[in-house]
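> need coordinates for the below:
(chains A, B and C)
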Amino acid sequence: MTLFGYRLPMMSSLILWCLVWELVGRLELVLLFPPFSGVVAALFDLVTLQKFWGATWTTLSTFCIGMTLAIAVGVPLGVLMGRVKAAENLLGMWVNVFVSAPLSALVPVLMILFGMGEKTIVVSVFLFAVWIIVLDTQAGVKNMQPSLIEMAKSFGAHRPALYAKIILWAALPEILAGIRLGFIRGVKGVVIGQLLVSIIGYGELFELYSRSFLMEEFWALTIVLFAFALICAELIGMLEKRVEYYAGVRQ
Amino acid sequence: MDARIDDVVAARLAAEPDERARSRRQLLAWRLASIALFCAAWEFAGRIPINLAFPTFLETVEAFGEMLADGTMLRAYFITLQPLVIGVVLSGIIGVSAGVAMGLRKSVEWVGAPVFIVLQAAPVAALIPMVTFIYGIGMTAKVISVCLLALPVIVLNSYKAVANVNPSLLAMCRCFLGNRLQQIVKIILPDASPVIFAGLRLGISAGFIGIILAELLITPTGIGDLITYHRAVANYAHMYASIASIIVFSALTLTLLQWVEVTLFRPEKQR
Amino acid sequence: MVAVSRKISAGPVFPGAEMASPESIITVKGINKVYPGQVHALKDVDLDFPAGALTTLLGPSGCGKTTLLKIIAGLLAPTTGEVLVKGRAVTGPGPERAFVFQDFALMPWATVLRNVAFGLELRNVAPKERQDIARHYIGEVGLAGFEEKYPHELSGGMRQRVGLARALAVNADVLLLDEPFSAVDEQTRRKFQEDLLRLRETERKTFLFVTHSIEEAVYLSDRIVLLSRRPGRISQIIEPKIDRSGSPDEIRRDQAYLDIVEEIWQGLRQFVD
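Here you go, the predicted model:
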C-alpha cells in the first residue's frame, strides 16, 4: 500500500501493531497483553538464562531429528505413491485423513508408548510434519511431464538414474513446498508435544511462566518461537524461489 | 455446425456415466481394502504386542461399542462439540469477511495480512495455556483456543483466493460493463470459493486440534477427559477408542463439508 | 480479380471526431503505450477501422497487437493518444464493443447458457429475455443442445464458440477478437474460420481481429494491418481483395491468396530472428 506517495513494505504494518500492543498493555485493557516494551525487556533477560539455552537445545535437537525423519520417510513414500497406483490407492486415504486429523489427540498415546521424554517430542514432530510432505511430493511426482520420463527412457536411463536424475528434480518445487509446510507443522508439533509433556524444553518454561503468571516472560518465549518458525519458513521459501525459475518453465 | 466433432463429444458425454460408475466402484473397493489393511495391521501389532499399552483393533472396537452403549461417548462429544462449533462458526464468519476485505482493498491488506501471516506460520498453540489462565477453564477459553488455531488459515486462504482471482475473468466482466459490485458478487466470490472452502476445511481441522489441546491442557472435559481418564486408569483400549473416534469424526466432518460444497456451490463438479 | 493496394501511412489524420469519415467506426489517434520499466509497446499508431469490415492486426509476437486491441476495448489506457469509437473518446469498455478472449474467459461454474447471457445479465436484462437471446446465439454459433453443459465438458473449439456467442449476444457494433483461435487445434480452427466468414455475412458487424497467423489473416480479412516489432508501429496496410464466393478449399488454393500470404511473409521475415 502507498501512503503519501511512498510504497510501504508489506510487513511494515507489524510495527503499527506493536505500537497498538504497547498501548493496550499500558492501558491494561486486556489481561493477556502486558506492554510490549516489558516483553522486549523480558526477552533480553530470557536470553541470559542458562535454562533457556538448555530448553532451546532440547527443542532444536528434537525438532531437527523429527524433521529429518519426516523428510527421510515422507519424500520416498510420496514418490512411491506418485509412481505406483496401488500404493496411492491403499495409502492415499490414510495420508489424507492424517494430514488434517487432530493429531494433538495422539500425543497422550505417544507419551505412553515413548515415555515422557524427548522421544515423544521427536515422534510428534514427525507425525505433524510427515503427511504434508508425502502429499506434496506425490502431487509433484504425479504432475511432472510424462514426456520427461519418456525422454530419459529413450536415452537409456535405468531405474536408479531415472529416479535420481529426473523424477526427484522434476518434483523438487513441490517437494520443497511440502517441506516448508512440514516445517511449519513440525514447529507446531514440537510446541504441542512439549506443552502436553510439559516437563522438558520450552514446555517446562511455558508451564512455569503460565502457572506463576509471568506474562512478559511468557510472551518473550512465544516471540522467540514465532521468530524461529518464521525464519525457517522464510529460508525454505527463498530456496523455493531459486528452483522456481525452472518450475515456471514447466507450464 | 461442426457435426463430426460434436458427435464425438456427445458420444463421450453419453459414455461417461457408465465409466464414472465403474471407476466409483473401483475407488470404493480400494477404500475398503485400504481400511481392511489398516485394521489388520493394527490388530497384528496389538497381538504381538509391540507395547503393553497398545490394545488390539478388536479390543478398541469393543471399548468403543461399550462407551457408545453407556452414553459416555455421546456426552463427551456433546461437550467437546459446543465450543468447537461456536469457534469454527465465529472463525468462519470473521475469517472469510476479513480475508475477502484484505483481498479487495490494499489498505486492509497492509494492515491485516502480516498479522495473519505471522500467526499462520507460528505455533499459536503455545498461547493456549495462557488463555486458560486468564479466561478460566470455561467455554470462553475453549472458544478462543479454537479461534486462535482456525482463524489464520481461513483468513489467509480467503485473502489469497480473492487476490489471485482469474484476471481474464475480471477483464471479461469489465468488458461486458459489470460494475464493482457485480464484479465481486458474480466473478470474484465464485472464482475464489474453492480456495475459501479449502481454507474453511483447514480451519476446521485446526479447530479440532485446538479443542483437543484445550481439553487436554485445561481441566479435562469432553473427549479430552475420556483420553486423560482412561489413560490414568490404564484402560488403554478405551483411550485408543476415544482418540480414534475423534480422528475419524474429524475426517468425516471434513468429507461432509466437501460434499456440501460440491452440492451447493459447484454444480459443474457434479457431472 | 485481385488487387493489392498498399499505403505506408495509416490514412488521413482527422482534426476532430465529428469530421471522421462516416465509413470509419473506430479512429485511433497518436497512440503510444509505454509499460512500467520503459517497455515501449506501441509507438505513434494512427489507424481507422472502416465500419462493417473485418480488419486484422497482424505481427510478430510482442509487437503490441493485443495491447492495441485492449486499448481499443478500453481495458488498457494508452500512455498518450486517444481512441474514438463512433466519434466518442474511449475511457473504458462500452456497450458498442464486445470482446472475445484468447483464453475464452468462461466462468467454469456457469452453464453455457448463463455464460452466453452473462453480458445481458450484467445489464440487468430480465432472465427470460436474456435466455431467449442467448439461446438464439448459441444456435447461431452451432452449439444448440449444449445450453446446459458446463465449459469443462466442451472442447476448446466449442468453448471459443461460447465466447463468440457471448460477444454477439450483447449486440455490439464492434467485435474485438484477441487471437481467438490460438488455443484451438488446426482442424477446428479452419472450421471456425469458415463459420466466422458466414457469421460476418449474417451479423453485419465490424470485426477487429488479432492473430499471428498469416494464412488466417489473409483468409478472413478485408484489411490487414501489419505491425512491426517492438516498439510496435504500423509497417504496412494490405487489402487482400480475394473473391470469397468459392468454397473454402478453392480459396485456400487460389493463386492470389497464396501470393498475398507469400508477400506478407516477405514483409514480416525481417522481424523474425
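> tell me the confidence at residue B:194?
What the model reports for residue B:194 is a pLDDT of 90.
> surely it touches residue B:266?
Yes - contact criterion C-beta atoms under 8 Å: residue B:194 and residue B:266 qualify, at 7.4 Å. Heads up, the C-betas are built off the backbone N, CA and C, glycines and all.
> now do the shared contacts for these two.
Between them, residue B:194 and residue B:266 share no neighbouring residue, with contact defined by C-beta atoms under 8 Å, 6 or more residues apart in numbering or on different chains.
> please parse chain B into its domains.
Structural domains of chain B, as assigned by automatic domain parsing, span the residue ranges B:1-54, B:57-270.
> who's in contact with stretch A:27-43?
In this structure, residues lying in contact with stretch A:27-43 by C-beta under 8 Å, 6+ apart are A:18-19, A:21-22, A:24-26, A:214-217, A:219-220, A:223-224, B:130-131, B:134.
> again, but for stretch A:203-215
Identification of contacts with stretch A:203-215 by C-beta under 8 Å, 6+ apart yields A:32-34, A:42, A:51-52, A:55, A:191, A:193-199, A:217-218, A:221, B:126, B:129-130, B:132-133.
> so who does the residue nearest to the spatial centre of chain B touch?
Averaging the C-alpha coordinates of chain B gives a centre point, and the residue nearest to it by C-alpha atoms, centre = their mean is residue B:201 (3.2 Å). Taking C-beta under 8 Å, 6+ apart as the definition of contact, the neighbours of residue B:201 are A:100, B:254, B:257-258.
> show me what the mean pLDDT comes to for stretch B:131-148.
Averaging pLDDT along stretch B:131-148 gives 86.
> would you check how far apart the closest residue to residue A:229 other than its chain neighbours and residue C:206 are?
For residue A:229, ignoring the flanking residues on the chain, the nearest one in space by C-beta to C-beta, 6 or more residues apart in numbering or on different chains is residue A:187 at 4.3 Å. When C-beta to C-beta, to the nearest Å is the yardstick, residue A:187 and residue C:206 sit 61 Å from each other.
> looking at these two, which is more packed in?
Neighbours were counted for residue A:187 and for residue C:206 using other C-beta atoms under 10 Å in any protein chain shown; residue A:187 has more, 28 against 23.
> what is the distance between the helix or strand where that one lies and the centre of its chain?
With elements taken from DSSP states H and E, the one containing residue A:187 is helix A:172-197. Relative to its parent chain, helix A:172-197 has a centroid offset of 3 Å by C-alpha atoms, centre = their mean, to the nearest Å.
> could I get the average pLDDT for it?
Mean pLDDT, taken over the full extent of helix A:172-197, equals 89.
> output the below-cut-off pLDDT ranges for chain B.
B:1-17, B:271 (pLDDT under 70).
> let's see 80
Where chain B drops to pLDDT under 80, the residues are B:1-21, B:49-52, B:132-134, B:136-137, B:218-219, B:266-271.
> which residues in it form helices?
With helices called from DSSP state H, chain B shows them at B:3-47, B:57-69, B:72-104, B:106-121, B:128-135, B:139-163, B:167-175, B:180-182, B:189-217, B:222-232, B:236-265.
> contacts only, for residue 152.
No chain in the question, so chain A it is. With C-beta under 8 Å, 6+ apart as the criterion, the residues that contact residue A:152 are A:161-162, A:165-166.
> try chain C instead
If a contact means C-beta under 8 Å, 6+ apart, then residue C:152 has B:268, C:108 as its contacts.
> that one and residue B:269: what is the separation?
Separation of residue C:152 from residue B:269 (C-beta to C-beta) stands at 9 Å.
> got it, and residue B:172?
Computed as C-beta to C-beta, the residue B:172 to residue B:269 distance reads 22 Å.
> residue A:208 now?
For residue A:208, the distance to residue B:269 under the criterion C-beta to C-beta works out to 51 Å.
> equivalent analysis for residue A:104, please.
In this view, residue A:104 and residue B:269 are 32 Å apart by C-beta to C-beta.
> more neighbours: which of those two?
Between residue A:104 and residue B:269, counting by other C-beta under 10 Å, residue A:104 is the more crowded of the two (30 against 14).
> which SS class is the more buried one?
Following DSSP: H, G, I helix; E, B strand; the rest coil, the label given to residue A:104 is helix.
> ok, residue C:239 next?
Using three-state DSSP, the secondary structure recorded for residue C:239 is strand.
> count the neighbours of it for me.
Other residues near residue C:239 come to 17 when the count uses other C-beta under 10 Å.
> show me what contacts residue 243?
This is for chain A. Residue A:243 makes contact with A:172-173, A:176 under the criterion C-beta under 8 Å, 6+ apart.
> chain B is the one I meant
Contacts were defined as C-beta under 8 Å, 6+ apart; by that measure residue B:243 touches A:105-106, A:108-109, B:227.
> got the residue ranges for the strands in the stretch 1-150 of chain C?
C:4-7, C:24-35, C:39-50, C:54-58, C:80-85, C:88-89, C:97-100 (DSSP state E, counting those that start in this stretch).
> now those strands as a markdown table including mean neighbour count, mean pLDDT and distance to residue C:215?
A markdown table is the format used below for those (neighbours: other C-beta atoms under 10 Å in any protein chain shown; pLDDT from 0 to 100; distance: least, C-beta to C-beta, whole Å):
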| stretch | mean neighbour count | mean pLDDT | distance to residue C:215 |
| --- | --- | --- | --- |
| strand C:4-7 | 11 | 41 | 16 |
| strand C:24-35 | 20 | 86 | 25 |
| strand C:39-50 | 20 | 85 | 22 |
| strand C:54-58 | 26 | 89 | 11 |
| strand C:80-85 | 18 | 89 | 29 |
| strand C:88-89 | 11 | 86 | 35 |
| strand C:97-100 | 26 | 91 | 19 |
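> what's the closest of those to residue A:7?
When the strands of the stretch 1-150 of chain C are compared for distance to residue A:7 using C-beta to C-beta, the nearest one is strand C:24-35, at 18.2 Å.
> may I see the buried residues of stretch A:184-204?
A:184-198, A:200-204 (16 or more other C-beta atoms under 10 Å in any protein chain shown).
> what of stretch A:218-229?
Quick answer for stretch A:218-229 (16+ other C-beta under 10 Å): A:218-226, A:228-229.
> I'd say residue A:55 and residue A:199 touch.
No - Residue A:55 lies out of contact with residue A:199 (C-beta under 8 Å); the separation is 11.2 Å.
> tell me which residues touch residue A:124, please.
For residue A:124, the residues meeting the contact criterion (C-beta under 8 Å, 6+ apart) are A:66, A:103, A:106-107, A:110, A:189-190, A:192-193.
> then residue A:188?
By C-beta under 8 Å, 6+ apart, residue A:188 lies in contact with A:128, B:123, B:125.
> what's the answer for residue C:173, then?
C:25, C:51, C:86, C:96-97, C:205-206.
> hmm, back to that, buried ones only from the contacts of stretch A:27-43, please, as a PyMOL command.
The buried residues among the contacts of stretch A:27-43 can be selected in PyMOL (16+ other C-beta under 10 Å) with this line:
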select buried, (chain A and resi 21+22+24+25+214+215+216+217+219+220+223+224) or (chain B and resi 130+131+134)
